[in-house]
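# could you work out the structure for the sequence below:
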Amino acid sequence: QVQLVESGGGLVQAGGSVRLSCAASGRTSRISTVGWFRQAPGKEREFVAGTSWSGGRTKYIDSVKGRFTISADNIKNTSHLQMNSLKPEDTAVYYCAASRQWGNIPTPARAYDYWGQGTQVTVSS
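Below you'll find the model as predicted:
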């Protein structure tokens, strides 16, 4: 099993920045990809960004390109999501997830095997 714990959420003004962290423990050798998802009230959980656990490959949804940066360090067993130029529509619970699936970075939530508990990010206008 793999355990994921997010941290770093909070309240921030529009235009501000937040850095989310995800600490992985357990059988981390099973991880191929790390993804960050978010879920706003009344909406489905959506893929935000993903990266290979070994680093290098990344994928982002269009609405966060140029503002968010995902990273992963498979030595320290951590992943980070740096979020800049935040907008009120970025308000959501953010989840870290890990997939055992090799190949392209998957975007469906069902492709991810392990999930953190989530951390709230609220962007005020």
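
# give me the residue at the spatial middle of this structure.
Nearest to the mean C-alpha position of the chain, by C-alpha atoms, centre = their mean, lies Trp36 at 2.0 Å.

# now do the SS call for that one.
Three-state call for Trp36 (DSSP: H, G, I helix; E, B strand; the rest coil): strand.

# tell me where the protein has strands.
Assigned strands in the chain, in chain order: 2-7, 10-13, 18-26, 33-39, 46-52, 58-60, 68-73, 78-83, 92-99, 114-115, 119-124 (criterion: DSSP state E).

# would you turn the ones you listed into CSV with mean pLDDT and distance to Pro106?
Placement of C-beta: from N, CA and C, glycine included. Formatted as CSV, these follow (pLDDT from 0 to 100; distance: least, C-beta to C-beta, whole Å):
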stretch, mean pLDDT, distance to Pro106
strand 2-7, 97, 16
strand 10-13, 97, 28
strand 18-26, 98, 17
strand 33-39, 98, 7
strand 46-52, 98, 7
strand 58-60, 97, 9
strand 68-73, 97, 14
strand 78-83, 98, 15
strand 92-99, 98, 6
strand 114-115, 98, 13
strand 119-124, 98, 22
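
# okay, those in CSV with distance to Ile105 next?
Listed next are the strands of the chain as CSV, based on distance: least, C-beta to C-beta, whole Å:
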stretch, distance to Ile105
strand 2-7, 17
strand 10-13, 27
strand 18-26, 15
strand 33-39, 5
strand 46-52, 4
strand 58-60, 4
strand 68-73, 10
strand 78-83, 13
strand 92-99, 8
strand 114-115, 15
strand 119-124, 21
